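> whatever this is, show me its structure:
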Amino acid sequence: MNDRDPEVPSAQPPMPATQTLDWQEGDMPYSREFGDHFYCREDGRLECGHVFLAGNGLPDRWRDMPSPGGDFRIGELGFGTGLNVCETVRQWKLARKPDTRLQIVSFELFPMRREDLDRALSRWPQIDAERQALVAAWPDEPAGRIEIAADPQTRLTIVCGPALAGVTKEASGFDAWFLDGFAPSRNPDMWSAELMQALFDRTRDGGSFGTYAAAGFVRRNLAAAGFRVERRPGFAGKREMLCGTRPPVAGK
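Next up is the predicted model:
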């Protein structure tokens, strides 16, 4: 997804029950409602590695997990095509230790149909095994809370509905966040001060976030919530991205 628009949020029209997709360049989905692509046009899989994995210090943090019994929990705003999840699971399987566990909890307002997920993810042969597993487990009518056990060490949860409502119902203890909603100017609710505060409140001390977005109001909302925010070079020539951590509580 791209953040090329002015940083001031624009008024959004009412959202329909389902999202209308256009397909560009073969298998690249484009949301008519939000007027944005679901991932970077250069290479969404490599963008995931640069922004969301490296932005959260992964996969190195997985290698440092205690074994047995280590747990790692990722929250994601915007499941979209499932690309970030598939690439993250692929990297997790390469780096994980025995008897450690990963849970990814992703929040999505408009879950895609199975055939659209399959079409969008087919661009990347590197995640073919993860694509097939996700598509096979995807419900005919995705709604509510979708639970998928990818393997004994990996669990996926997709929470369908508005992100703020979903996040506020989750228990605390997230180790990392992938902030991957549509561009802030096109989907400001996904970057609101209230939602950033909800994320912070559910993040472990030392937990982190990464996002392709660099709009000023996003940076200010994250900092006001309590995160230490860092600017880094963005992906594929984009000037900046943001990442950061929740500082440990003094005296703990």
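
> ok, the residue lying closest to V229 once chain neighbours are set aside to A176 distance?
Excluding its sequence neighbours, the residue lying closest to V229 (C-beta to C-beta, 6 or more residues apart in numbering) is G244, at 4.3 Å. To be clear about C-beta, it is placed using only N, CA and C from the backbone, and glycine gets the same treatment. Going from G244 to A176 by C-beta to C-beta, to the nearest Å gives 11 Å.

> what do the two both touch?
Overlap between the contact sets of G244 and A176, as judged by C-beta atoms under 8 Å, 6 or more residues apart in numbering, is given by S208, F209.

> partner strands of the helix or strand harbouring G244, parallel or antiparallel?
Here G244 sits within strand 241-245, counting by DSSP states H and E. Strands that pair with strand 241-245, judged by DSSP bridges, come out as strand 203-211 (antiparallel), strand 228-232 (antiparallel).

> report the buried residues of the first one.
Yep, that's strand 203-211 we're talking about. Neighbour counts over strand 203-211 (16 or more other C-beta atoms under 10 Å) mark T203, G207, S208, F209, G210, T211 as buried.

> mind putting the residues you listed in TSV, distance to E47 and pLDDT included?
TSV is the format used below for the buried residues of strand 203-211 (distance: C-beta to C-beta, whole Å; pLDDT from 0 to 100):
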residue	distance to E47	pLDDT
T203	23	98
G207	22	98
S208	18	98
F209	16	98
G210	11	97
T211	11	96
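
> returning to that earlier point: can you put the strands paired with strand 241-245 in TSV and add distance to Q126?
Output for the strands paired with strand 241-245, formatted as TSV (distance: least, C-beta to C-beta, whole Å):
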stretch	distance to Q126
strand 203-211	20
strand 228-232	24
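
> worst-scoring helix or strand of this protein, pLDDT-wise?
strand 36-37 (a mean of 53; mean pLDDT, DSSP states H and E).

> next helix or strand past it?
Next along the chain after strand 36-37, taking DSSP H and E as the criterion, comes helix 44-47.

> off-centre distance for whichever helix or strand comes after that next one?
Note on helix 44-47: by DSSP H and E, the next helix or strand toward the C-terminus is helix 60-63. The gap between where helix 60-63 is centred and where its chain is centred comes out at 18 Å by C-alpha atoms, centre = their mean, to the nearest Å.

> so which helix or strand takes in R90?
helix 83-95.

> kindly report the same for V159.
Assigned by DSSP H and E, V159 falls in strand 154-160.

> low pLDDT regions in this protein?
1-42, 250-252 (pLDDT under 70).
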